[in-house]
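Visitor: Structure, please.
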Amino acid sequence: MIGYTSLGTNNLKKSADFYDRLLWELNAQRVMEFDDFIVWATDNGTPAFSIHVPFDGLKATVGNGVMLALSAENRVQVDAIYEKAISLGAQDEGKPGQRADNGFYAAYFRDPDGNKLNVHHMG
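Guide: Sure thing, here's the model as predicted:
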């Protein structure tokens, strides 16, 4: 069910160096890299781990930049889960859509307590 976890950072380069070294011990390597985030995974691809510069531009703190990502079976399921979350009172943080050229389709929302979640499908 869990696709990946994400933690915020204020220094992507320093954090990436730390996690490159740490996650090597788990046979994980970088599988995706952009200016504001990096993702590591093992050969099977999930669950993965990522670090991000917080999207809101504020300083990363415990909780800011942390997000639970749920892996969906397909894009239809991404859409359905997002719509269900909104119907249950979730706050929109990014409507379903293609996020990267590699087939990453995702939606973002916050639960009633403000916790950020993502539901996504690769492919």
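
Visitor: Report whether residue 39 is found in a strand, as I expect.
Guide: Yes - counting by DSSP: H, G, I helix; E, B strand; the rest coil, residue 39 is located in a strand.

Visitor: surely it meets residue 31?
Guide: Yes - between residue 39 and residue 31 there is a contact at 5.4 Å, judged by C-beta atoms under 8 Å. In short, each C-beta sits where N, CA and C put it, glycine included.

Visitor: More neighbours: which of the two?
Guide: residue 39 (19 against 16; other C-beta atoms under 10 Å).

Visitor: Now do the contacts for the more buried one.
Guide: 4, 30, 31, 32, 33, 48, 49, 50 (C-beta atoms under 8 Å, 6 or more residues apart in numbering).

Visitor: before we move on, what about residue 116?
Guide: Contacts of residue 116 were listed using C-beta under 8 Å, 6+ apart, and they are 66, 67, 68, 93, 108, 109, 110.

Visitor: Of all pairs in those, which one spans the longest distance?
Guide: 66 and 109 (14.5 Å; C-beta to C-beta).

Visitor: between those two, which one's more packed in?
Guide: residue 109 (22 against 16).

Visitor: which SSE is that one in?
Guide: Using DSSP states H and E, residue 109 falls within strand 104-110.

Visitor: how far off strand 104-110 does the helix or strand that that strand is followed by point, in degrees?
Guide: Next in sequence after strand 104-110, counting helices and strands by DSSP H and E, comes strand 116-122. Angle of strand 116-122 versus strand 104-110, following axes from the mean of the first three to the mean of the last three C-alpha atoms, to 10 degrees, is 160 degrees.
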